[in-house]
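**Q** starting from these lines, generate the structure:
(chains A, B, C and D)
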Protein chains: 2
Amino acid sequence: MTTLSASMKSDRRVRRTRQLLANALFTLMKEKSYNDITVKELCEAADINRGTFYLHYKDIDDMVEQIEQEILAQFEALICTHAPASPDDAPDRLFLDMFRFAEENRDLYAALLGKNGDLSFLRKIKELSRRRLMELYADRLPEKDLVRFDYFYSFISSGCIGLIEHWLFSPNPEPAEKIAALATDLVIAGVHPAR
Amino acid sequence: MTTLSASMKSDRRVRRTRQLLANALFTLMKEKSYNDITVKELCEAADINRGTFYLHYKDIDDMVEQIEQEILAQFEALICTHAPASPDDAPDRLFLDMFRFAEENRDLYAALLGKNGDLSFLRKIKELSRRRLMELYADRLPEKDLVRFDYFYSFISSGCIGLIEHWLFSPNPEPAEKIAALATDLVIAGVHPAR
DNA sequence: TTCATTTCTTAACATCGTGTTGATTTATTC
DNA sequence: GAATAAATCAACACGATGTTAAGAAATGAA
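**A** Modelled structure (predicted):
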């Protein structure tokens, strides 16, 4: 059920079922808050027997959680490949990878960050980004004010997620490269247009 | 039911019932995702007859929506009192009001922005802030790049909400004045600590 | 205070989604 | 091809839902 035996994910049927369920969920989430998506209608949308759902997940929350864990693990692995930057480096490369990753997982991101999405997912990915940014750029700390430092990176990581949200739902989205460059600009040169 | 007759809100019993329900909801949301808070347990927590709930709300989603609408209307009224700033003004005053408002409605904010909160509320309040900031500082637009301008303010408004989140859940929160000043700094002087 | 009005309570009801079961069929791996 | 594992199907008890009608309690206005 919640046990992910080795066989469970290598079996093509399992992958198929889970994929169908995930796709159906993302589709339904475009129109309905996932609070009131029932297991019944999810399975009907996926054309999967309702009993089968319970072979994989405890309930819909559990399903979302598993999906989130998987994607967050990938995300963490990705941003941890970046070595601490040299003093003059900008976080271009890190941002680029982050935005590319969002691009590759557009459907999932759109569902979980959309208007019927999951706030806890937003918080988790934001916190991962924030922690990593702080680790990578800890040496640039203006030592006098630690609290301020915390708020700095809360602002930045939230801002970047804001960029992703705006980007995901814009009619004709720019390539990841452009957004990454923009994010770098904002973080390096400051955000105020009047500057 | 969903009809808010004039009498409905002036009657003390109505105010009492709705207040009890809201408090119970916020309390339950500290521990449970509001997906799986049932009407039954909510009413038991509020010590309100279950039938009474349905005199006020269609379901829990409807309840949350009504609460959000009310607070968002107040928020919008608040930020619309601010006249367009003179060219050299910083958004201190606007930020200060925003953070004070969050402080006054701490329980509600903590519930709706907490880990079991509502992403659509986050989006709405962010979008209101963003629109207002753009209206107030439209004249500072660096005309060459409109898309960039959009992203600018997505970044800023998300960043500010990020500050609020970090602030709400920090063990001993600073006064609103200090956060407002910090937000202004970030927006004016740029975010990068190395500067 | 009194009285008409409105809200809250109580209990009962049919309905629907839930989560589980056992038997059967289908698909996959080796 | 045979053994294994997953998906289907039908059936089940259970609990939350949303609604109803009648009675009790609280309210605001005269």
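**Q** every contact and neighbour count from this point should use C-alpha atoms.
**A** Will do.
**Q** what stretches of chain A score poorly on pLDDT?
**A** A:1-8, A:84-90, A:140-144, A:189-195 (pLDDT under 70).
**Q** care to break it down by domain?
**A** What automatic domain parsing lists as the domains of chain A is A:6-58, A:64-189.
**Q** who's in contact with the one helix or strand residue A:159 maps to?
**A** Using DSSP states H and E, residue A:159 sits in helix A:146-168. With C-alpha atoms under 8 Å, 6 or more residues apart in numbering or on different chains as the test, helix A:146-168 has contacts from A:99, A:102, A:106, A:109-110, A:113-114, A:126-127, A:129-130, A:133-134, A:141-142, A:173-174, A:179, A:183, A:187, B:151, B:154-163, B:166, B:182, B:186, B:191-193.
**Q** buried among those residues? Need that as a selection in ChimeraX.
**A** If you want just the buried ones from these in ChimeraX, going by 16 or more other C-alpha atoms under 10 Å in any protein chain shown, the selection is:
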select /A:99,102,109,110,113,114,126,127,129,130,133,134,179,183,187 /B:151,154,155,156,157,158,159,160,161,162,163,166,182,186,191,192,193
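**Q** can you narrow the contacts of helix A:146-168 to ones near DNA strand D?
**A** Residues of the contacts of helix A:146-168 in contact with DNA strand D (C-alpha under 7 Å from any atom of the strand): none.
**Q** only alpha carbons, please: show the helix holding residue A:159 as CSV.
**A** Extracted in CSV, the C-alpha atoms of helix A:146-168 (Å, rounded to 0.1, in the frame of the first residue of the first chain):
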residue,chain,number,x,y,z
LEU,A,146,21.7,37.6,11.4
VAL,A,147,18.0,38.2,11.6
ARG,A,148,18.2,40.4,8.6
PHE,A,149,20.1,37.7,6.8
ASP,A,150,17.3,35.3,7.4
TYR,A,151,14.7,37.7,6.0
PHE,A,152,16.9,38.4,3.0
TYR,A,153,16.7,34.9,1.9
SER,A,154,13.1,34.5,2.7
PHE,A,155,12.5,37.4,0.4
ILE,A,156,14.7,36.1,-2.4
SER,A,157,13.4,32.5,-2.4
SER,A,158,9.8,33.7,-2.2
GLY,A,159,10.5,36.1,-4.9
CYS,A,160,11.9,33.5,-7.2
ILE,A,161,8.9,31.2,-6.6
GLY,A,162,6.8,34.2,-7.5
LEU,A,163,8.7,34.4,-10.8
ILE,A,164,8.1,30.8,-11.4
GLU,A,165,4.4,31.1,-10.7
HIS,A,166,4.0,34.2,-13.0
TRP,A,167,6.0,32.4,-15.6
LEU,A,168,4.1,29.1,-15.4
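**Q** tell me the angle of that helix relative to helix B:146-168?
**A** 140 degrees (axes from the mean of the first three to the mean of the last three C-alpha atoms, to 10 degrees).
**Q** determine how far helix A:146-168 lies from the middle of the whole chain.
**A** 14 Å (C-alpha atoms, centre = their mean, to the nearest Å).
**Q** burial measure for residue A:64, as a count.
**A** 18 (other C-alpha atoms under 10 Å in any protein chain shown).
**Q** mind listing residues that contact the host helix or strand of it?
**A** Using DSSP H and E, residue A:64 sits within helix A:60-79. Defining contact as C-alpha under 8 Å, 6+ apart, one finds that helix A:60-79 is touched by A:38-39, A:57, A:94, A:97-98, A:101, A:121, A:124-125, A:128, A:132.
**Q** mind redoing it with 7 Å?
**A** A:39, A:57, A:94, A:121, A:125, A:128 (C-alpha atoms under 7 Å, 6 or more residues apart in numbering or on different chains).
**Q** excluding sequence neighbours, find me the nearest residue to the last one.
**A** Nearest residue to residue A:128 in three dimensions, chain neighbours excluded: residue A:76, at 7.0 Å (C-alpha to C-alpha, 6 or more residues apart in numbering or on different chains).
**Q** following the chain past the helix holding residue A:159, name the next helix or strand.
**A** Helix A:146-168 is succeeded, C-terminally, by helix A:176-189 (DSSP H and E).
**Q** can you give me the angle that following helix makes with helix B:176-189?
**A** Using the same axes, to 10 degrees: helix A:176-189 against helix B:176-189 is 110 degrees.
**Q** send the alpha carbons of stretch A:16-29 over as PDB?
**A** In PDB, the C-alpha atoms belonging to stretch A:16-29 read as follows (Å, rounded to 0.1, in the frame of the first residue of the first chain):
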ATOM      1  CA  ARG A  16       1.000   2.900 -15.900                       C
ATOM      2  CA  THR A  17      -1.600   3.100 -13.100                       C
ATOM      3  CA  ARG A  18       0.300   5.700 -11.100                       C
ATOM      4  CA  GLN A  19       0.800   7.800 -14.300                       C
ATOM      5  CA  LEU A  20      -2.800   7.600 -15.200                       C
ATOM      6  CA  LEU A  21      -3.900   8.600 -11.700                       C
ATOM      7  CA  ALA A  22      -1.400  11.500 -11.600                       C
ATOM      8  CA  ASN A  23      -2.500  12.800 -15.000                       C
ATOM      9  CA  ALA A  24      -6.100  12.600 -14.000                       C
ATOM     10  CA  LEU A  25      -5.400  14.400 -10.700                       C
ATOM     11  CA  PHE A  26      -3.500  17.200 -12.400                       C
ATOM     12  CA  THR A  27      -6.400  17.600 -14.900                       C
ATOM     13  CA  LEU A  28      -9.100  17.600 -12.300                       C
ATOM     14  CA  MET A  29      -7.000  20.100 -10.200                       C
END
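**Q** briefly note if it comes near DNA strand D.
**A** Yes - Stretch A:16-29 lies within reach of DNA strand D by C-alpha under 7 Å from any atom of the strand, at A:16-17.
**Q** in that stretch, what counts as buried?
**A** Buried-residue list, stretch A:16-29, by 16+ other C-alpha under 10 Å: A:17-18, A:20-29.
**Q** make CSV from those residues and add distance to residue B:65 to it.
**A** Shown next, in CSV, are the buried residues of stretch A:16-29 (distance: C-alpha to C-alpha, whole Å):
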residue, distance to residue B:65
A:17, 34
A:18, 32
A:20, 31
A:21, 28
A:22, 27
A:23, 27
A:24, 25
A:25, 22
A:26, 22
A:27, 22
A:28, 20
A:29, 17
